[in-house]
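> Dropping the sequence and predicted coords here.
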Amino acid sequence: MAAFVIRRVLWMFLVLFVLSLIVFTLMHAVPGGPFDQEKPLPERTKQVLAEKYNLDAPFHEQYINYIGDIILPRITYGRQTPSSAHDYLIDAPLPAFMGEEAYLKWVNFGPTYKSRSRSVNDIFRENLPISFELGSVAVVIAMAIGIPLGIISALKRNTIYDYTGMGIAVLGVSVPVIITAPVLQYIFGVQMKVLPASGWGTAGQMILPAFALGFASSALIARLTRASLLQVLFEDYIRTARAKGLAERRVVIIHALKNSMIPVVTVLGPLFAALVTGTFVVETIFGIPGMGRYFVTSITGRDYPVIMGTLLLYAFVLILANLLVDIMYAWLDPRIRFD
């Protein structure tokens with residue numbers, strides 16, 4: 001298992017490198033630039049801005065400088081004046097034998113082109129925890145609704161419970177979150193006034209957006225759980241367990257359910273990555289200051305560092321989530337081996 005994890009980590013760095021190169025190339029290949037506005041700036045101003053952000057350098061030099069600021073750690077001495085161009089996610093003091101006031105600085109995604117006082121790391125520090133908290137709660141809600149719904153539908157196949165459960169699942173798949181969120185907001189926030197209709201900061205303000213996200217994802221989980229559990233229930237080892245006289249509850253929970261979770265766990269990886277890195281629609285509707293709106297506005301505003309940083313962050317979370325999914329495979333099915 002350790003060798004498998006090491007291989008996957010090494011592949012992760014290769015994937016991130018290839019992704020960064022592709023995205024960086026595509027961003028610079030698109031006509032226009034980050035300082036093109038409806039009211040054109042003077043050419044001298046655009047030239048000064050390009051020199052400030054190193055946009056006048058050759059393409060390969062821009063890419064090497066950008067990647068170097070992310071992957072190469074630096075050791076500095078003495079406290080430096082904070083600036084958006086030299087803002088590092090890791091800024092830790094080193095032991096005294098390394099020198100007086102020595103600091104390790106690592107991972108700098110650069111400044112944003114739309115704000116002089118903020119860097120990409122500032123956006124991550126302030127807004128990523130909000131999206132992560134919202135996405136984590138949404139995943140828990142999706143699993144809490146989807147897995148029991150799928151189990152009941154599979155065990156009560158072709159009954160009113162099955163039809164009701166799958167009807168709810170079809171509703172969740174068919175109705176997009178851009179409709180579900182305003183409906184929940186109107187019913188529980190405007191009409192009944194039992195929950196806050198917008199904002200962020202309290203547990204009550206988290207319920208409606210997390211449920212809107214979680215309900216849409218729970219529909220997919222419910223359908224996968226039902227289909228997978230139905231397939232497993234007709235396997236030979238399940239018949240053998242029943243023939244040995246095991247209680248039906250034990251047969252389902254111990255023998256059938258564990259193996260039927262493999263397809264569900266597979267989709268939880270990318271689902272978790274998508275939810276914790278920000279969902280633009282829900283964050284906009286409920287006025288949540290998460291990562292989603294920054295990613296969308298960075299694309300429309302050609303804010304290269306924010307686009308690169310957000311995509312690399314999403315890819316990192318996605319790869320990490322898929323790695324955890326692969327590790328869970330071996331726990332769910334002992335026949336799976338990675339070494």
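Yep, that arrived.
> going forward, measure contacts and count neighbours with C-alpha atoms only.
OK.
> What distance do you get for Ser117 to Pro289?
Distance, Ser117 to Pro289, by C-alpha to C-alpha, to the nearest Å: 18 Å.
> out of the two, which sits in the more crowded spot?
For Ser117 versus Pro289, the count of surrounding residues by other C-alpha atoms under 10 Å is larger for Pro289: 19 against 11.
> what about the longest helix anywhere in the chain, average pLDDT?
When the chain is parsed with DSSP state H, its longest helix is helix 120-155. Averaging pLDDT along helix 120-155 yields 90.
> do the same with stretch 71-84
pLDDT averaged over stretch 71-84 gives 76.
> quick one, what contacts the residue nearest the centre of the chain?
When C-alpha atoms, centre = their mean is applied to the chain, the residue found nearest the centroid is Ala273 (2.8 Å). By C-alpha atoms under 8 Å, 6 or more residues apart in numbering, Ala273 lies in contact with 314, 317-318, 321.
> can you pull out the strands in the stretch 1-150 of the chain?
For the stretch 1-150 of the chain, the strands defined by DSSP state E, counting those that start in this stretch occupy 74-77, 90-93, 102-106.
> Ile6: which of the ones you listed is closest?
Taking C-alpha to C-alpha, strand 102-106 is the member of those nearest to Ile6, at 21.8 Å.
> contacts for that closest one?
Contacts of strand 102-106 (C-alpha under 8 Å, 6+ apart): 69-78, 88-96.
> do stretch 161-169 as well
The contact list for stretch 161-169 (C-alpha under 8 Å, 6+ apart) reads 149-150, 152-154, 156, 218-220, 222-223.
> do that again at 7 Å, thanks
For stretch 161-169, the external contacting residues (C-alpha atoms under 7 Å, 6 or more residues apart in numbering) are 149, 152-154, 156, 219-220, 222-223.
> helix or strand for the nearest residue to Arg8 once chain neighbours are set aside, which one?
Nearest residue to Arg8, sequence neighbours excluded (C-alpha to C-alpha, 6 or more residues apart in numbering): Leu323, at 7.2 Å. Using DSSP states H and E, Leu323 falls within helix 304-332.
> ok, then the element right after the helix or strand Arg249 falls within?
Element membership for Arg249, per DSSP H and E: helix 248-250. Sequence-wise, the next helix or strand downstream of helix 248-250 (DSSP H and E) is helix 257-260.
> Export the worst-scoring helix or strand of the chain on mean pLDDT to CSV, keeping only CA atoms.
Ranked by mean pLDDT, DSSP states H and E, the helix or strand of the chain with the weakest confidence is helix 292-300, at a mean of 79. Taking Å, rounded to 0.1, in the frame of the first residue of the first chain, the C-alpha atoms of helix 292-300 are listed here in CSV:
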residue,chain,number,x,y,z
GLY,A,292,-17.0,29.9,-6.7
ARG,A,293,-17.7,33.6,-7.6
TYR,A,294,-13.9,34.4,-7.7
PHE,A,295,-13.3,31.6,-10.2
VAL,A,296,-16.1,32.8,-12.5
THR,A,297,-15.1,36.5,-12.3
SER,A,298,-11.5,35.6,-12.8
ILE,A,299,-12.3,34.0,-16.1
THR,A,300,-14.4,36.9,-17.4
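> any residues touching that helix, and which ones?
278-280, 283, 306-307, 310.
> now do stretch 208-224
Contacts for stretch 208-224 (C-alpha under 7 Å, 6+ apart): 134, 137-139, 141-143, 145-147, 149-150, 169-170, 172-173, 177, 180-181, 184, 263-264, 282, 286.
> quick one: that stretch to chain centroid distance?
Averaging C-alpha positions (C-alpha atoms, centre = their mean, to the nearest Å) puts stretch 208-224 15 Å from its chain's average.
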